[in-house]
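Engineer: Next come a sequence and a model predicted from it.
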Amino acid sequence: MIVLLDQRRLPAEEVELLCTDVPALVEAIRTLAVRGAPLLGIAGAYGVALAAARGFDVEEAAGLLAGARPTAVNLAYGVRRAARAYEEALKNGADGVRAAAVALAEARALHREDAEASARMAAHGLTHLEELLPGGGYRVLTHCNTGALVSGGGGTAFAVAAAAHGAGQLRRLWVDETRPLLQGARLTAYEAARAGMAYTLLTDNAAGSLFAAGEVDAVLIGADRIAADGSVANKVGSYPLAVLARYHHVPFIVVAPTTTVDLGTLEGAAIEVEQRPGHEVTEFSAPAVAGVTAEPGAGAPAAPLGTQAYNPAFDVTPPELVTAVVTENGVVSPVTRTGLAELCAGQGKGTGSGQG
Ligand SMILES: CSC[C@@H](O)[C@@H](O)C(=O)COP(=O)(O)O
């Protein structure tokens, strides 16, 4: 059984969700009970282990899990890792029980590695911030949710903000509410409050006036997939922030483990962007506050009945708008194909510029 903290219910309730089979986990992934790129990878790997332990068809389970959400490359990566470990074990003569144990061990290894990656990203990210903006006292704007809720450890972008906070260098965390599912308001504000950070919530469309007022020193965001050319797919609303940041000469820093870099996707245009149901936009609440169903009609109307909605879950920021990509292997800045590939191969410098 997989036990998840049901993120749909936060911040109102801390409720566990028990997934006893793969369809339940797929539903949890689709409805964002479990979400965020690195955690999706971990959940996917555990899902394969669950399928193996329960005697389900592992190949079919892997297909269902990997296809539950298309943009976050970590999901397919985690599923593939556990499925490969399982298949290898069978090939080497293990019986089903032993092979299931191998798949579980692989999921646990991924979980551990992700926690380690978080800690290293936090350290590299803070050093990079200090290099870019000597003097500290950062006012950081972030989007969506990138903390411990999305990771085996402290997370990605939020982990850097938390490191700055721990070093007494975070003056304020500006938290975008992140329409329509409010990952910023519900989850990042929840994590910031628990961490004792000075934070302020804003509507996504208030970011422009915040930049104009000179109140943002840096943008820190995560990523769901980074293409080989450095294009960054992240929660919808990230790209407009990158444009604002460039206009206002503010660093736009992406923090993600190398497992989020997909060298097989050559450029941003090739990234599949998940399109989500329109009722997430046309109704207030669903699925976050409406409980565990993600059915149309569960929330209060935000628009006249029958209104069409455009609801991409992610957008893609081109590499020229990204100041730096921070990974567990170091930092690439400016963002180049070669620099990214070197980081993925573990050849990055600790901090400072990758080679372009
Ligand atoms: C490390 S978190 C990076 C991204 O996964 C995060 O910013 C994000 O966009 C999550 O989207 P979500 O749709 O909530 O899964």
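Structural biologist: Received the coordinates, thanks.
Engineer: Can you pull the poorly scored residue ranges out of the stretch 251-356 of the chain?
Structural biologist: The stretch 251-356 of the chain contains residues with pLDDT under 70 at 286-294, 347-356.
Engineer: residues from it in reach of the ligand?
Structural biologist: Counting by CB under 6 Å from any ligand atom, the residues of the stretch 251-356 of the chain close to the ligand are A313. C-betas here are computed from N, CA, C, even on glycine.
Engineer: how about the strands in the stretch 251-356 of the chain?
Structural biologist: Under the criterion DSSP state E, counting those that start in this stretch, the stretch 251-356 of the chain carries strands at the ranges 252-255, 261-262, 283-284, 300-301, 314-317, 324-327, 330-332.
Engineer: could I get those as JSON lines with mean neighbour count and distance to I29?
Structural biologist: Listed next are these as JSON lines, based on neighbours: other CB atoms under 10 Å; distance: least, CB to CB, whole Å:
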{"stretch": "strand 252-255", "mean neighbour count": "26", "distance to I29": "22"}
{"stretch": "strand 261-262", "mean neighbour count": "22", "distance to I29": "19"}
{"stretch": "strand 283-284", "mean neighbour count": "18", "distance to I29": "21"}
{"stretch": "strand 300-301", "mean neighbour count": "11", "distance to I29": "26"}
{"stretch": "strand 314-317", "mean neighbour count": "24", "distance to I29": "15"}
{"stretch": "strand 324-327", "mean neighbour count": "29", "distance to I29": "24"}
{"stretch": "strand 330-332", "mean neighbour count": "28", "distance to I29": "30"}
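Engineer: Quick check: which of the ones you listed is nearest to L201?
Structural biologist: Comparing the strands of the stretch 251-356 of the chain against L201 with CB to CB, the closest turns out to be strand 283-284 (16.7 Å).
Engineer: Who are the packing partners of the closest one?
Structural biologist: strand 300-301 (3 or more CB pairs under 8 Å, 6 or more residues apart in numbering; DSSP states H and E).
Engineer: what about the strand it packs on, distance to the chain center?
Structural biologist: Chain-centre distance of strand 300-301: 28 Å, with CA atoms, centre = their mean, to the nearest Å.
Engineer: Neighbours of the residue lying closest to K235 once chain neighbours are set aside, how many?
Structural biologist: Leaving aside its chain neighbours, K235 sits nearest to C144 (3.6 Å; criterion: CB to CB, 6 or more residues apart in numbering). Residues near C144, counting by other CB atoms under 10 Å, number 29.
Engineer: do you know how far the closest residue to the ligand within the chain is from A103?
Structural biologist: Residue of the chain nearest the ligand, by CB to the nearest ligand atom: G222 (2.6 Å). Applying CB to CB, to the nearest Å, the value for G222 to A103 is 27 Å.
Engineer: and if you look at N234?
Structural biologist: Relative to A103, and taking CB to CB, N234 is found at 30 Å.
Engineer: Any regions of this protein where pLDDT drops low?
Structural biologist: 286-294, 347-356.
Engineer: Please parse it into its domains.
Structural biologist: 2-113, 120-344 (automatic domain parsing).
Engineer: returning to that earlier point: the residue of the chain closest to the ligand contacts G147, doesn't it?
Structural biologist: No - G222 lies out of contact with G147 (CB atoms under 8 Å); the separation is 9.5 Å.
Engineer: N234 and A103: which is more packed in?
Structural biologist: Neighbours were counted for N234 and for A103 using other CB under 10 Å; N234 has more, 31 against 28.
Engineer: separation between the residue nearest to K235 and T178?
Structural biologist: Distance, C144 to T178, using CB to CB: 5 Å.
Engineer: can you list residues touching both of the two?
Structural biologist: 184, 188, 235, 237 (CB atoms under 8 Å, 6 or more residues apart in numbering).
Engineer: which ones are touching the nearest residue to the last one once chain neighbours are set aside?
Structural biologist: Taking CB to CB, 6+ apart, and ignoring the residues beside it in sequence, G237 has D204 as its nearest neighbour in space, at 5.1 Å. With CB under 8 Å, 6+ apart as the criterion, the residues that contact D204 are 143, 176-179, 237.
Engineer: that older thread, ok, which of the shared contacts of C144 and T178 also contact the ligand?
Structural biologist: Here is what survives when the shared contacts of C144 and T178 are matched to the ligand using CB under 6 Å from any ligand atom: K235.
Engineer: In helices, which of the shared contacts of C144 and T178 appear?
Structural biologist: Using DSSP state H, no member of the shared contacts of C144 and T178 sits in helices.
Engineer: Would you reformat the shared contacts of C144 and T178 as TSV and include distance to D6 and neighbour count?
Structural biologist: TSV is the format used below for the shared contacts of C144 and T178 (distance: CB to CB, whole Å; neighbours: other CB atoms under 10 Å):
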residue	distance to D6	neighbour count
G184	18	27
T188	17	30
K235	20	28
G237	24	20
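Engineer: Quick check: the farthest pair among the shared contacts of C144 and T178?
Structural biologist: Maximum pairwise distance among the shared contacts of C144 and T178 (CB to CB): 12.9 Å, between T188 and G237.
Engineer: for the protein, which helix is longest?
Structural biologist: The chain, longest helix under DSSP H: helix 96-132.
Engineer: for it, the distance to its chain's centre please.
Structural biologist: Worked out by CA atoms, centre = their mean, helix 96-132 lies 14 Å from the chain centre.
Engineer: just checking, what packs against that helix?
Structural biologist: By 3+ CB pairs under 8 Å, 6+ apart, helix 96-132 packs against helix 37-53, helix 73-91, helix 157-166, strand 218-221, strand 252-255, strand 324-327, strand 330-332.
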